[in-house]
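> Just to be clear, the model below is a prediction. Sequence and coordinates:
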Amino acid sequence: MYIWELPDWPIFRCDANKLAQPLALAHLQQGRLLGRMERLGFALQLEATLEATTEEAVKNAEIEGEIFNRDSVRSSIARRLGVPDAALGPADRRAEGIVDMTLDATRNCTAPLTHERLFAWQAALFPTGRSGLHAVKVAAWRDDAHGPMQVVSGPIGREKVQYQAPPAVRIEAEMQAFLAWFNEPLPVDGILRAAIAHLWFVTIHPFDDGNGRIARALADMVLARAENSPQRFYSLSGQIRRDRSSYYGSLERTQKGDLDITACLLWFVECFARTLDAAEFACANVLSPAPTSCGRLSSGTITRSRRSMSDSGRSSTVSSMASKASLRRENGRLLPTARCRPLSATSRTWSIGAFLSAAKVAARTPATV
């Protein structure tokens, strides 16, 4: 049984106690990075945004096994951001779609998310209506004309089904519920809301192809909303690419589990913290040879960032190395909830709606850090 088959879907739950301290630490890192970047001049902020957005677009596609020329992506983004003397890379029509989606998700983060906007993103990812040799239904929800939507891994002939999405007849109702939740200003922590948006969307899997890329763009959109800024100084997809095996493992376990998504949220929070570590390292690179302009990163911070990248086998957020992607084939009662409902007096396991007031207090309390 998959998570969407449970009678209470999509009323997610989590344990606030388990999330409070990791979330507080992630917010501390986030605030420290954004504070440092705010003290920079406009030109350096723009350069950092260009590098982070390029990394986000390139790695978002690379997670799915699609490799773009980094210079082409950077040039395309630079033209849109108006960065002088940066749009020098070769043109690549294939890269324009991922760039369009990435920038629309963040530069227009406060605009409502609609069916039409999602259709435009997905169509932009597949401008020819094909993914490799296979035709892709674009600018429309998927159907089950060729069987149920399944995500599989493994070599051809020995594929293993990792996940099966809801039937196509449910997609319209599922997406109405998702969009209502996404566009409503609920008092949910921004990092957790990004994690929920990603999980919920990728579980519905509403498109023939491109669901993972769009889900990660939605997570970045939520983070931009929470920060009240379209400027991006870190790449979440860059870190997910480095953690790709555990990323897919977390999704598979959650989609085959119950509606307590604490473990999935904890994975996302910790991944986000590693993202910020990588961004601090990238900040130091952007600012050299003028290190005093950056909020004076301590040697300890830089060392931790470098070690984190070394442990993952990658050099920095600007790494463009790729590994072979696993083969992946992507062929009611739905009420968004904002309730805060304890499951028991002792566990403090709550439904996801508005539960994180305790974690927000922890984030403001120095003793918890």
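Cool, got the structure.

> can I have stretch 133-147 written out in PDB, keeping just the CAs?
Extracted C-alpha coordinates of stretch 133-147, given in PDB (Å, rounded to 0.1, in the frame of the first residue of the first chain):
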ATOM      1  CA  LEU A 133      13.000   8.800 -28.100                       C
ATOM      2  CA  HIS A 134       9.800   8.800 -26.100                       C
ATOM      3  CA  ALA A 135       6.800  11.100 -26.700                       C
ATOM      4  CA  VAL A 136       5.700  13.100 -23.600                       C
ATOM      5  CA  LYS A 137       2.200  14.500 -23.000                       C
ATOM      6  CA  VAL A 138       2.900  18.200 -22.300                       C
ATOM      7  CA  ALA A 139       0.900  21.000 -20.800                       C
ATOM      8  CA  ALA A 140      -1.700  18.500 -19.500                       C
ATOM      9  CA  TRP A 141      -2.100  16.000 -16.700                       C
ATOM     10  CA  ARG A 142      -1.000  12.500 -17.500                       C
ATOM     11  CA  ASP A 143      -3.400   9.700 -18.400                       C
ATOM     12  CA  ASP A 144      -3.100   6.000 -18.000                       C
ATOM     13  CA  ALA A 145      -3.300   5.100 -21.700                       C
ATOM     14  CA  HIS A 146      -0.100   3.100 -21.400                       C
ATOM     15  CA  GLY A 147      -0.800   1.700 -17.900                       C
END
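
> Touching it from outside, list them.
For stretch 133-147, contacts defined as CB atoms under 8 Å, 6 or more residues apart in numbering pick out 119-120, 122-123, 126, 129-130, 149, 167-169, 171-172, 175, 205-210, 331. For glycine as for every other residue, the C-beta is placed from the backbone atoms N, C-alpha and C.

> What is the distance between that stretch and the centre of its chain?
24 Å (CA atoms, centre = their mean, to the nearest Å).

> Just the buried residues of it, please?
For stretch 133-147, the buried set under the neighbour-count rule, 16 or more other CB atoms under 10 Å, comprises 136, 137, 138, 139, 141, 142.

> Stretch 46-56 too?
Using 16+ other CB under 10 Å as the test for burial, stretch 46-56 gives 46, 47, 48, 49, 50, 51, 52, 53, 54, 55, 56.

> remind me which residues of the stretch 201-350 of the chain are low pLDDT?
The stretch 201-350 of the chain contains residues with pLDDT under 70 at 282, 284-350.

> Which parts of it are helices?
211-227, 236-242, 244-255, 262-287, 299-311 (DSSP state H, counting those that start in this stretch).

> The nearest residue to residue 30 once chain neighbours are set aside: neighbour count?
Counting by CB to CB, 6 or more residues apart in numbering, residue 276 is the residue found nearest to residue 30 once chain neighbours are left out, at 6.0 Å. Neighbour count of residue 276, defined by other CB atoms under 10 Å: 24.

> circling back: closest one to residue 240 out of the buried residues of stretch 46-56, please.
Distance to residue 240 across the buried residues of stretch 46-56 (CB to CB) is lowest for residue 56, with 10.1 Å.

> Thought residue 220 was touching that closest one, still the case?
Yes: at 6.5 Å, residue 56 counts as touching residue 220 under the criterion of CB atoms under 8 Å.

> Can you work out which residues contact both of those two?
102, 232, 236, 237.

> Name the member of the residues you listed with the most neighbours.
Using other CB under 10 Å as the neighbour test, these are led by residue 102, with 30 neighbours.

> Against residue 77, how distant is it?
From residue 102 across to residue 77, the span is 8 Å (CB to CB, to the nearest Å).

> Find the residues that touch each one of these two.
Contacts common to residue 102 and residue 77, judged by CB under 8 Å, 6+ apart, are 53, 57.

> Would you pull up how far stretch 53-73 lies from the middle of the chain?
On CA atoms, centre = their mean, the centre of stretch 53-73 falls 14 Å from that of its chain.

> How about stretch 241-259?
On CA atoms, centre = their mean, the centre of stretch 241-259 falls 13 Å from that of its chain.

> Which of the residues in it are classified as buried?
241, 242, 243, 244, 247, 248, 250, 251, 254, 255, 259.

> As CSV, these with distance to residue 18 would be great.
Below are the buried residues of stretch 241-259 laid out as CSV (distance: CB to CB, whole Å):
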residue, distance to residue 18
241, 26
242, 24
243, 20
244, 24
247, 20
248, 22
250, 15
251, 19
254, 15
255, 20
259, 16
